[in-house]
Each structure stands twice: as C-alpha cells, then as structure tokens.
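[1] everything below, folded, please.
(one chain, ligands or ions: 1)
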Amino acid sequence: MEQNNMNDFLDAYHNVMEWAALVFAVIALLIFLYHKIKVATIADLKARFDYVTENEIKTYKLVFYSLAVTVFSLINLYARSIQFDEIWFGVRAFIGFCVATLFGYVFNLILKFYYPSKLDIKLKRYRYTPRVNPKTGNKMRLLSEDEEDVHLDEGMQAEEEAFSVDYDVWYDEETGDVKIEKYPGHLTALQCNNCGFYTMKVIREEIVKQPTDTEEGELIKHYECNYCGSIRATQFHIASNEVIDHRDPHMLRFADQRLINSIRVEIIANDGHKKNYTFQNVEQAAKFLEEFDYEKVID
Ligand SMILES: [Zn+2]
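    Have a look, this model is predicted:
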C-alpha cells in the first residue's frame, strides 16, 4: 500500500517535470523571439543601439535561466519507469539541481565575459551605419572629431573633452541637416591586454596638468579589468584652450567649405583695440594669420 502511494506520487512528480520542461523551454523561446522582434522593429539605429545595450544581456540571462529549469526537469525524468526508491529519487533530484546550476552559471559567465565582445561588434555596426536624413532620404556622413565641433554647443564639447561621452554628428552634405547622437564614453569596455576579454573599464580619471591657452594638458585614465583585475593607466593629451591653431592651416578645417561665404577675423589687442579682417576662404584667412604681426598693423 505504502509503495503504491509512493508510485502515485512519483507519477504526479514526473507529470509536473514534463510540464515544467516544456513550459520553461517555451518561455525561453518566447523571451528570445520577443527580444529579436523588438530589436528588428526599432528602425532608428541609435534607439536600437540603446535598447540592445540596455536589454540584450539581461534578456539572454533570463532565457538561459529558463532553460536551466528545463534541464533540471529533464534530468528528473531520467529512468522514470523504475519503482520509487528514496535514494534513487534524491540522488537524481540532486544531480538535476547541480547540472542545472552549472548550466546557468556557465552561460552567465559566457554572457558576462565572452559575449560583450560579440555584442560590441554588433553595436559598432548600429552606431556607424550611415544615417538617412528622414526629410530628404539622403545618406548622411559622419563628421570627424575636428569637423563635428562646429555643430556641438559648448556644453557638449566640454562633456566630450572630459571623455565621459562621445557625440556623433551626422551631416547631410546637400541640405546641411545635422543629426547629433550621444554615446556613453565610459560604458564601452576595452579589451584587456592580460586576459583578452572586453572587460577593461575606466575607473578613474585625473587631470595631471591643466591645459593653458598655449600648452596642452595631460590626463591620466586608470583602467581596471572586471575579469582578471589587472590595472592599466594611459596618458592622454588635452588640447590647449586655443580655439584654432593659426600656425597650422590644416587645423582650419570646417565641416564643408562650400557652405562658407566669407570668414571674418577679429583681432583684439591687450589694450582693447580691435581690428576686423574679412576673407573669402579658409586658405586666405590661414595665410593672413600665419603672417600676421600686430606691431606692423598698429596705428
Ligand atoms: Zn583582464
């Protein structure tokens, strides 16, 4: 009689395990499909970048945790036809628990340390795929660091200067329309020289030398690897406060010279005297500044 009761219990237990294996496999599949469809339907690549950055690893974790439950259930269905035996039942449940935990743990590690480098490639593709101007349908061009400053306000430039964010400026050559996108500078991890994972992040930045009007400053970024704990420090130059380096005509680059009608240079002397000069193009202005000598033009 007792043995019969236990066999009924075992039947019910196996039924639950069958359902759990199926239901959690379906849940995993649904979560995965929902994510894929959601990502595919976000047309704006910047919005897609943000969504994937925020959600992809979290979502995949849920998928693998659900699959871990499926794994546990499947192991608990192993050799289901035999008679109930406490030790057999207990050992099987314990092994199921261990294997499922290991499964969840291994995929958690993969998502934490290996997957970010794969994700990085995908995110770069979203970030650097040429944007399309919604008004004209024209393909836009990503401006270089030198070119983009014209389009960024002072706050944005200061933010970039402090390395906490990156602004991408997309430019429509035909209409001059601009699309500005903001990306986190710190959050993107670099590859660690020691372990090779993409887990190197900036933990601290210090300015060791403030830039002056004429001299470059120095900034040291301290990195630490989340995986192996190795530490790196790298030195960066901070551009001098001088807006345009007039000694070097190549520095006088503008977003698109065709859009420039004329250039006006105002020179202000220490005594408050001002002089204005107008030029037709950047080269003329650069040449003028190169040869400029205040003593010679003073009244
Ligand atoms: Zn490392």
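
[2] point me to the residue of the stretch 1-150 of the chain nearest the ion.
    Nearest to the ion, among the residues of the stretch 1-150 of the chain, is Phe113, at 9.0 Å (C-beta to the ion). In this view, the C-beta of every residue, glycine as well, is placed from N, C-alpha and C.

[3] can you get me a residue count around that residue?
    Using other C-beta atoms under 10 Å, Phe113 has 18 neighbouring residues.

[4] heads up, I number from 823, so please use that
    Happy to do that; since the first residue is 823 now, the last one works out to Phe935.

[5] next up, the contacts around it.
    The neighbourhood of Phe935, defined by C-beta atoms under 8 Å, 6 or more residues apart in numbering, consists of Phe1019, Thr1021, Tyr1049.

[6] ok, which stretches of the stretch 873-1022 of the chain are helices?
    908-931, 937-950, 967-970, 976-983 (DSSP state H, counting those that start in this stretch).

[7] need the ones you listed in TSV with mean pLDDT, distance to the ion and mean neighbour count, can you?
    Formatted as TSV, the helices of the stretch 873-1022 of the chain follow (pLDDT from 0 to 100; distance: least, C-beta to the ion, whole Å; neighbours: other C-beta atoms under 10 Å):
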stretch	mean pLDDT	distance to the ion	mean neighbour count
helix 908-931	95	14	14
helix 937-950	88	12	14
helix 967-970	77	28	15
helix 976-983	71	27	13
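
[8] can you list those in JSON lines and add distance to Tyr882?
    Listed next are the helices of the stretch 873-1022 of the chain as JSON lines, based on distance: least, C-beta to C-beta, whole Å:
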{"stretch": "helix 908-931", "distance to Tyr882": "8"}
{"stretch": "helix 937-950", "distance to Tyr882": "7"}
{"stretch": "helix 967-970", "distance to Tyr882": "34"}
{"stretch": "helix 976-983", "distance to Tyr882": "31"}
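
[9] to Asp994, which of these lies closest?
    Among those, the nearest to Asp994 by C-beta to C-beta is helix 967-970 (13.6 Å).

[10] select, out of the helices of the stretch 873-1022 of the chain, the one closest to Gln825.
    Ranking these by their distance to Gln825 (criterion: C-beta to C-beta) puts helix 908-931 first, at 11.6 Å.

[11] chain center to the closest one, what's the gap?
    How far helix 908-931 lies from its chain's middle: 36 Å, per C-alpha atoms, centre = their mean, to the nearest Å.

[12] return that helix as PDB; C-alpha atoms alone will do.
    Provided in PDB are the C-alpha atoms of helix 908-931 (Å, rounded to 0.1, in the frame of the first residue of the first chain):
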ATOM      1  CA  GLU A 908      14.200   7.300  -1.800                       C
ATOM      2  CA  ILE A 909      17.900   7.200  -2.500                       C
ATOM      3  CA  TRP A 910      17.500   7.000  -6.300                       C
ATOM      4  CA  PHE A 911      14.900   9.800  -6.200                       C
ATOM      5  CA  GLY A 912      17.100  12.000  -4.000                       C
ATOM      6  CA  VAL A 913      20.300  11.400  -6.000                       C
ATOM      7  CA  ARG A 914      18.500  12.100  -9.300                       C
ATOM      8  CA  ALA A 915      17.000  15.400  -7.900                       C
ATOM      9  CA  PHE A 916      20.400  16.400  -6.500                       C
ATOM     10  CA  ILE A 917      22.200  15.700  -9.800                       C
ATOM     11  CA  GLY A 918      19.500  17.600 -11.700                       C
ATOM     12  CA  PHE A 919      19.900  20.600  -9.400                       C
ATOM     13  CA  CYS A 920      23.700  20.600  -9.800                       C
ATOM     14  CA  VAL A 921      23.700  20.200 -13.600                       C
ATOM     15  CA  ALA A 922      21.000  23.000 -13.900                       C
ATOM     16  CA  THR A 923      23.000  25.300 -11.700                       C
ATOM     17  CA  LEU A 924      26.200  24.600 -13.600                       C
ATOM     18  CA  PHE A 925      24.300  25.200 -16.900                       C
ATOM     19  CA  GLY A 926      23.000  28.600 -15.600                       C
ATOM     20  CA  TYR A 927      26.400  29.500 -14.200                       C
ATOM     21  CA  VAL A 928      28.400  28.700 -17.300                       C
ATOM     22  CA  PHE A 929      26.000  30.700 -19.600                       C
ATOM     23  CA  ASN A 930      26.100  33.500 -17.100                       C
ATOM     24  CA  LEU A 931      29.900  33.600 -17.400                       C
END
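
[13] just read off the phi/psi values of Glu995.
    Here the main-chain torsion angles of Glu995 (degrees, to the nearest 10) amount to phi -60, psi -30.

[14] and it, how far from the ion?
    Taking C-beta to the ion, to the nearest Å as the measure, Glu995 falls 42 Å from the ion.
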